[in-house]
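Participant: Return a 3D structure for these sequence lines:
(one chain, ligands or ions: 1)
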Amino acid sequence: FGDEMLAEATFWALMFLVLGASQFVGHIISAAGMGISGERLTARLRAGYFRSMLRQDMSFFDSPDNSVGALTTRLASDASSVKGAAGVRLALPLQAIFGAGIGLGIALYYGWQLALMILGCVPLMAVAGAVHMAYQTRSQKASDKGTEMAGQTAAEAIENLPTVQSLGREEVFYTRYRDFLSEPYRKRLFATLLGGLTYGFSQIRVTVNTSVKLPLGHNLILAFQTKSNADPNQAPMHFQSIVFFIYAASFRFGAYLVSIDQMEVNNVFKVFFSITFAGLMAGQTFSLIPDYAKARIAAGYIIALLNREPLIDNRSESGDRPQKLIGELRLVDVDFEYPQRAGTRVLRRLNLTIPAGRTVALVGPSGCGKSTVVSLLQRYYDPMTPDGELVGGRVELDGRDVRQLNLAWLRRNIRVVNQEPVLFARSIADNLTYGLNEEPESDCLEEVVRLSNISDFVKHLPDGMDTQVGEKGAQLSGGQKQRVALARALITRPKILLLDEATSALDSESEALVQAALDEARQGRTCILVAHRLSTVQSADVIVVMEGGRVVETGTHAELMRLGGAYYSMANSAMRKGGTLLPPGTG
Ligand SMILES: Nc1ncnc2c1ncn2[C@@H]1O[C@H](COP(=O)(O)OP(=O)(O)OP(=O)(O)O)[C@@H](O)[C@H]1O
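Facilitator: Here you go, the predicted structure:
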């Protein structure tokens with residue numbers, strides 16, 4: 001009997017050895033296959049997500065849901081959340097289903113009555129799991145929103161730190177940030193309690209070094225599960241409390257079946273352990289519910305953005321790229337409302353012609369729609385009402401509706417210099433050529449450097465054109481930044497130049513330098529000038545006076561002064577105040 005037992009023990013020991021070895025190989029294969037594909041999937045998702053963001057039109061970014069902070073938070077967290085349920089973890093439910101199937105099969109074979117009785121408890125497990133999944137999904141959505149808002153607050157504060165500090169608002173931002181992070185849970189106290197209840201019912205958290213006394217079989221299975229757990233961070237594992245209820249019922253029912261000679265004692269234990277094994281395998285999947293819930297929502301956000309067709313698609317290859325560009329711009333009967341402010345008409349039946357090669361200045365009180373015209377010319381928006389009806393007139397370039405032209409081509413030929421130029425944290429040279437598909441010809445670079453008046457300050461910088469300009473160009477003065485921005489605008493030799501308050505943030509010395517550069521750059525180009533300084537406006541070929549989204553006067557400085565209307569009053573009061581047409585920072 002001793003030898004026989006030893007032989008049997010050796011046999012089973014060998015069987016376990018084979019089992020262990022095959023699991024080892026299986027894991028290597030699954031980690032290599034699923035792990036690598038998971039990594040690739042996340043990298044591709046993140047890149048695609050970012051690309052879709054870059055493709056969106058201005059109306060998308062105008063929405064408070066899509067602020068810089070919210071988008072960067074989502075970019076960082078959504079793809080990682082998907083990763084949390086991809087890769088090796090994707091294989092776990094499959095393993096679990098397989099393992100649970102085998103466990104059930106063995107149980108049914110050795111004692112179908114007991115196995116069926118235990119299976120009767122499965123719906124309980126499913127209901128608890130489903131409730132818990134629903135809770136997780138909802139609380140995840142709420143927490144995503146909170147994290148997004150917190151990200152938005154942080155980005156706003158960090159981006160504008162000098163202002164935040166000078167106003168002494170650090171504590172306000174900190175409190176707001178903290179509240180956004182905890183708000184979803186405070187607001188959903190009841191749901192949180194319910195979540196805890198279903199969690200407690202379906203799962204009890206035990207660690208591997210548990211002091212909870214478990215039957216021998218349990219410890220064995222526990223050890224098995226720990227090894228099979230792909231993620232080392234998951235060392236604390238979940239153990240379903242429902243399993244204990246199943247024990248209670250199966251012990252009692254098993255004893256009954258033995259007492260009426262329907263089952264052997266041995267088989268009761270075989271069924272019992274097989275079913276426990278199956279339950280634990282299923283439980284392993286449940287323990288991943290939070291990750292799956294998170295991943296499902298994050299994947300939803302990503303897919304929604306990937307599928308979002310922007311109203312104006314900057315990656316579109318369609319549209320004409322005319323060989324010859326003359327540069328005449330026209331706005332014909334343009335009505336416009338910002339999509340985020342439906343019902344507020346900004347431009348009303350606006351008609352405006354900007355002849356090729358001429359400079360047209362737009363003047364008028366703050367909020368009359370000058371910058372909006374500049375945005376429409378660059379096609380950041382189309383003249384349409386938010387309900388999508390094309391009722392709002394058209395913008396034409398050389399007699400053609402700009403919607404028929406290729407967008408990238410249009411933007412390459414219409415360059416803009418704004419009041420606050422945004423430079424990238426790179427060298428001056430990089431900033432000039434950023435966004436060019438090919439290296440500029442050397443004569444073009446020289447011409448641009450000359451036109452934009454940058455050589456005089458660049459030669460005094462330690463690394464010349466290779467000097468780093470810092471975040472948003474912070475290491476350059478306002479006037480220097482503006483001239484680099486002008487050089488960047490000129491590098492594609494655009495036919496049309498839009499100057500939106502390009503000198504209004506500068507002191508008079510810097511302004512003179514930038515103005516000289518701008519005056520030279522305007523030669524031979526169609527130019528739209530939004531400005532508030534009388535001297536700048538006066539030099540324009542045509543001055544267009546706007547009020548409430550309409551053109552009210554058009555003419556040269558002399559003509560408009562003779563007319564004695566809106567321009568005349570503005571210019572007169574400006575001259576009394578010292579040469580400025582409108583108060584600085586408005587016009
Ligand atoms: N992205 C936007 N979403 C909603 N409304 C906007 C947006 N941008 C501007 N507006 C509104 O449109 C109107 C016209 O703004 P616009 O910037 O064109 O005026 P402006 O004449 O250039 O003013 P300023 O001289 O002060 O720069 C304003 O009432 C402004 O509040």
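Participant: hey, which helix or strand in this structure has the poorest pLDDT?
Facilitator: In the chain, the helix or strand scored least confidently by mean pLDDT, DSSP states H and E is helix 216-228, which has a mean of 34.
Participant: Give me the domain ranges for the protein.
Facilitator: 8-111+285-311, 112-211+233-262, 329-578 (the TED database).
Participant: quick one: which of those domains is nearest Lys270?
Facilitator: Nearest to Lys270, of all the domains of the chain, is domain 8-111+285-311, at 4.4 Å by CB to CB. The C-beta positions use only the backbone N, C-alpha and C, and glycine is treated the same way.
Participant: So what would you say the end-to-end distance of that closest one is?
Facilitator: In domain 8-111+285-311, first residue to last residue: 73 Å (CA to CA, to the nearest Å).
Participant: cool, stretch 339-352 as well?
Facilitator: Stretch 339-352 has an end-to-end distance of 23 Å (CA to CA).
Participant: got the contact list for it?
Facilitator: The contact list for stretch 339-352, computed with CB atoms under 8 Å, 6 or more residues apart in numbering, reads 59, 62-63, 330-338, 360, 369, 372-373, 376, 381, 383, 385-386, 393, 544, 546, 548-551.
Participant: give the contact list for the closest residue to Glu317 other than its chain neighbours.
Facilitator: Distances taken as CB to CB, 6 or more residues apart in numbering place Asn406 nearest to Glu317, at 7.3 Å, with adjacent residues excluded. Neighbour list for Asn406: 316-321 [criterion: CB under 8 Å, 6+ apart].
Participant: Please tell me the pLDDT value assigned to Asn406.
Facilitator: pLDDT for Asn406: 92.
Participant: and if you look at Leu518?
Facilitator: Note on Leu518: pLDDT of 79.
Participant: Pull up the gap between it and the ligand, please.
Facilitator: Remark: distance between Leu518 and the ligand (CB to the nearest ligand atom, to the nearest Å) = 18 Å.
Participant: Helix or strand: which one has that residue?
Facilitator: Leu518 is located in helix 508-522, with elements delineated by DSSP states H and E.
Participant: quick revisit: any idea which of the domains of the chain gets closest to Gly2?
Facilitator: domain 8-111+285-311 (10.4 Å).
Participant: circling back: so what secondary structure elements neighbour the helix or strand that comes right after the helix holding Leu518?
Facilitator: The helix or strand immediately downstream of helix 508-522 is strand 526-530, counting by DSSP H and E. Strand 526-530 sits against strand 359-363, helix 370-377, strand 496-500, with contacts defined as 3 or more CB pairs under 8 Å, 6 or more residues apart in numbering; DSSP states H and E.
Participant: Export these as CSV, with columns for mean pLDDT and distance to the ligand.
Facilitator: Formatted as CSV, the helices and strands packed on strand 526-530 follow (pLDDT from 0 to 100; distance: least, CB to the nearest ligand atom, whole Å):
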stretch, mean pLDDT, distance to the ligand
strand 359-363, 92, 8
helix 370-377, 92, 3
strand 496-500, 89, 8
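Participant: Just the endpoints, please. Distance across stretch 76-94?
Facilitator: When the termini of stretch 76-94 are compared using CA to CA, they are 29 Å apart.
Participant: Show me what that stretch is in contact with.
Facilitator: Residues from elsewhere that reach stretch 76-94 (CB under 8 Å, 6+ apart): 30-31, 34-35, 37-39, 41-42, 45-46, 49, 144, 147, 230-231, 284-285, 288, 291-292, 294-299, 301-302.
Participant: And stretch 455-466, by the same measure?
Facilitator: Identification of contacts with stretch 455-466 by CB under 8 Å, 6+ apart yields 427-429, 432, 449, 467, 480, 483.
Participant: which ones are touching Gln262?
Facilitator: When contacts are counted by CB under 8 Å, 6+ apart, Gln262 touches Gln113.
Participant: ok but it is inside a strand, no?
Facilitator: No. Assessed with DSSP: H, G, I helix; E, B strand; the rest coil, Gln262 is coil; it does not lie in a strand.
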